[in-house]
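Chemist: Task: produce atomic coordinates for the following.
(one chain, ligands or ions: 1)
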Amino acid sequence: MTRQAIRRALISVYDKTGLEELGVGLAGAGVEIVSTGSTAARLAAAGVPVVPVEEVTGFPECLDGRVKTLHPKVHAGLLADRRRPEHRASLEEMGVAPFDLVVVNLYPFSETVASGASQEECIEKIDIGGPSMVRAAAKNHASVAVVVDPARYDEVLEAVRADGFEEAARRRLAAQAFAHTAAYDAAVAGWFAEDYAPDGTAEATGWPDFHAVAYERAATLRYGENPHQRAALYVTGDPAGPGLAGAGQLHGKEMSYNNYVDADAALRAAYDFDEPCTAIIKHANPCGIALGADIAEAHLKAHACDPLSAFGGVVAVNRPVTARMAEQLADIFTEVVAAPAFEEGALELLTRKKNVRLLTVAAPDRAARPEARQISGGLLLQSADALDAPGDTPDGWELRTGAPADAATLADLAFAWRAVRAVKSNAILLAADRATVGVGMGQVNRVDSVRLAVSRAGEDRVGGSVAASDAFFPFPDGLEALAEAGVRAVVQPGGSVRDDEVAAAAERHGVTMYFTGTRHFFH
Ligand SMILES: NC(=O)c1ncn([C@@H]2O[C@H](COP(=O)(O)O)[C@@H](O)[C@H]2O)c1NC=O
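Modeler: Numbering: from 1, shown residues only. From the prediction side, this is the model:
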């Protein structure tokens, strides 16, 4: 059996988009329509002949709609495998007519939870009969076509005219249907697990004992981190929502796997600041982050940090790209520019470069979801590093050595402290005039990160700069190397057993040193 002619359909939809057109088309092709409550009412109002499901079941819809379609007269009609003579005989014996098409979409459970509705209301929006029909029809796709997406109604009408869906098409519809109910169940199970972990620990630990998030493929990428690796992009929730996965691409080549990784790091850095900020990233590390009076100035300063490394970089900004910034960018080979928007003049200038990828990205919703990292055989979850600890602003800092910093120095230290969060650990970041001048990243000891930051800044710029360290100095050597290079103020978490030795070194060199009491490792 390849095509399965569509003569009888069951329609029960919460989202009534396109319902009338579907009903009119089906009825016009002579399809008998069986339907539930308000779906049937909408169809009837549109002049579509419809058989109420109660007429099929001989049982009234009851318990406030909790039971409408949960009946053998419905489910036998959905589950009978018409390739099997004994199933056909059973249907005849029981007086059950089979369905060829099922069109269902479910109560909006996630939307109800997101609206802040009460627990009772959320529970009422857990669809039971809908998923039962969808799963039954999907299992029995050899005999039944199942449609869960109103965007497919045109295909349904085409199939009706073509004497039904091909078997392969029914299988694809079944795959979509099972993905639909799986995502639905993941949302319901996740919601329950937050409050009612079977082992009772969710409330105490803040972590549900079950974690499932449904992702849908949004793009197939040319390759992964390396050309021999396959890759794809998956999104959860709104495919055009906040953050990089929901970005719109205005221009340029297809995004690559590494473009996504770097653009994500760049957005993370740029959106850590309220003031106009530009972050330039290579291999997930910043080669320049800066604030400016406007975005063009921020870009100029960020680029000046390390023009050599900025070649082929990924740029993110937290303000619309202006024509002035675009002029600055025009001569710099840049892989990606991610911004909330591009002013018209900027777009005109940047689109002259064939390859540069221009992305519009709504501000990432950083604190909304736990961060996940895959490890062999498992997944680590952590709450986001939200930059909202008391020690993330100078008001919460402890002056450990030296004279209090003047306002400009304090502003540079505050900038360096937020910016160092975007640098892979061990991270040392040198800054002047609220711009990075030297970044030491990813070293396996802190003193090497210091040396790297100092050498990248160069003698001219390191003198008089300030430094931030993402974690405490375990020994005085790092602090000494900074002071000897000319750094005059340092901000770091503190908390080492050798804090006194580190402080003594800072005192000796006349370095102002603040402790934040909070740490920003980034691996
Ligand atoms: N209880 C049932 O037997 C049942 N059968 C279908 N539904 C759902 O009821 C909705 C359609 O109902 P109505 O046609 O009354 O608007 C659909 O979202 C469908 O998934 C049911 N509702 C909830 O479980």
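
Chemist: contacting residues around stretch 315-329?
Modeler: If you take C-beta atoms under 8 Å, 6 or more residues apart in numbering as the criterion, stretch 315-329 is touched by 263, 266-267, 269-271, 273, 276-281, 294-296, 298-300, 302-303, 334, 336-343, 345-350, 361, 363. Where you see a C-beta, it was placed from the backbone N, CA and C, and this is true even at glycine.

Chemist: so Ser143 makes contact with Gly77?
Modeler: No - at 9.9 Å, Ser143 does not count as touching Gly77 under the criterion of C-beta atoms under 8 Å.

Chemist: out of these two, which sits in the more crowded spot?
Modeler: Gly77 (26 against 22; other C-beta atoms under 10 Å).

Chemist: all strands for the stretch 51-200 of the chain, in order.
Modeler: 51-52, 101-105, 145-147 (DSSP state E, counting those that start in this stretch).

Chemist: Count residues in the vicinity of Pro227, would you?
Modeler: 7.

Chemist: So it, which state does it fall into?
Modeler: coil (DSSP: H, G, I helix; E, B strand; the rest coil).

Chemist: Give me the distance between it and Ser256.
Modeler: 10 Å (C-beta to C-beta, to the nearest Å).

Chemist: ditto for Gly312
Modeler: 12 Å.

Chemist: between these two, which one's more packed in?
Modeler: Ser256 (18 against 11).

Chemist: Could you check the pLDDT of that one?
Modeler: Note for Ser256: predicted pLDDT of 97.

Chemist: before we move on, back to that, please convert the strands of the stretch 51-200 of the chain to TSV, extending it with mean neighbour count.
Modeler: TSV is the format used below for the strands of the stretch 51-200 of the chain (neighbours: other C-beta atoms under 10 Å):
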stretch	mean neighbour count
strand 51-52	16
strand 101-105	26
strand 145-147	28
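
Chemist: what sits against Val502?
Modeler: Phe472, Phe473, Phe475, Pro476, Leu479, Ser496, Met513.

Chemist: do that again at 10 Å, thanks
Modeler: If a contact means C-beta atoms under 10 Å, 6 or more residues apart in numbering, then Val502 has 400-401, 472-480, 490, 492, 494, 496, 513 as its contacts.

Chemist: Make sure it is indeed in a strand.
Modeler: No - using three-state DSSP, the assignment for Val502 is helix, not a strand.

Chemist: buried ones in stretch 444-458?
Modeler: Neighbour-count burial for stretch 444-458, counted by 16 or more other C-beta atoms under 10 Å, picks out Arg446, Val447, Asp448, Ser449, Val450, Arg451, Leu452, Ala453, Val454, Arg456, Ala457.

Chemist: In helices, which of those residues appear?
Modeler: Among those, the ones falling in helices (DSSP state H) are Arg446, Val447, Asp448, Ser449, Val450, Arg451, Leu452, Ala453, Val454, Arg456, Ala457.

Chemist: can you list the residues you listed in JSON lines and add pLDDT and distance to Ala136?
Modeler: JSON lines is the format used below for these (pLDDT from 0 to 100; distance: C-beta to C-beta, whole Å):
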{"residue": "Arg446", "pLDDT": "96", "distance to Ala136": "61"}
{"residue": "Val447", "pLDDT": "97", "distance to Ala136": "66"}
{"residue": "Asp448", "pLDDT": "97", "distance to Ala136": "62"}
{"residue": "Ser449", "pLDDT": "98", "distance to Ala136": "60"}
{"residue": "Val450", "pLDDT": "98", "distance to Ala136": "65"}
{"residue": "Arg451", "pLDDT": "98", "distance to Ala136": "66"}
{"residue": "Leu452", "pLDDT": "97", "distance to Ala136": "62"}
{"residue": "Ala453", "pLDDT": "98", "distance to Ala136": "63"}
{"residue": "Val454", "pLDDT": "98", "distance to Ala136": "68"}
{"residue": "Arg456", "pLDDT": "96", "distance to Ala136": "63"}
{"residue": "Ala457", "pLDDT": "97", "distance to Ala136": "67"}
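
Chemist: Among the residues you listed, which one sits closest to the ligand?
Modeler: Ser449 (56.5 Å; C-beta to the nearest ligand atom).

Chemist: The closest one contacts Ala468, correct?
Modeler: No - counting by C-beta atoms under 10 Å, Ser449 does not reach Ala468; the two are 11.2 Å apart.

Chemist: got any residues that touch both of those two?
Modeler: If you check Ser449 and Ala468 against C-beta under 10 Å, 6+ apart, the residues they both contact are Val423, Ala427, Ile428, Leu429.

Chemist: Quickly note the distance from the third one to Ala186.
Modeler: For Ile428, the distance to Ala186 equals 42 Å [C-beta to C-beta].

Chemist: repeat for Lys253
Modeler: 34 Å.

Chemist: and the two? which has more neighbours close in?
Modeler: Legend: neighbour count by other C-beta under 10 Å for Lys253 and Ala186, higher for Ala186 (18 against 14).

Chemist: For the nearest residue to Ala504 once chain neighbours are set aside, give me its contacts.
Modeler: Sequence neighbours aside, Pro476 is the residue nearest to Ala504 in space, at 7.2 Å (criterion: C-beta to C-beta, 6 or more residues apart in numbering). Residues in contact with Pro476 (C-beta under 10 Å, 6+ apart) are 447, 483, 496, 498-506, 508.

Chemist: State the distance from Pro476 to Gly494.
Modeler: Taken as C-beta to C-beta, the span from Pro476 to Gly494 is 13 Å.

Chemist: so what sits against both of those two?
Modeler: Going by C-beta under 10 Å, 6+ apart, residues that sit against Pro476 and also against Gly494 are Val502, Ala503.

Chemist: Counting by contacts, list what the longest helix along the chain packs against.
Modeler: The residue-count maximum for a helix in the chain (DSSP H) belongs to helix 167-195. For helix 167-195, the elements it packs on are strand 101-105, helix 109-114, helix 119-124, helix 129-139, strand 145-147, helix 153-161, helix 202-205, judged by 3 or more C-beta pairs under 10 Å, 6 or more residues apart in numbering; DSSP states H and E.
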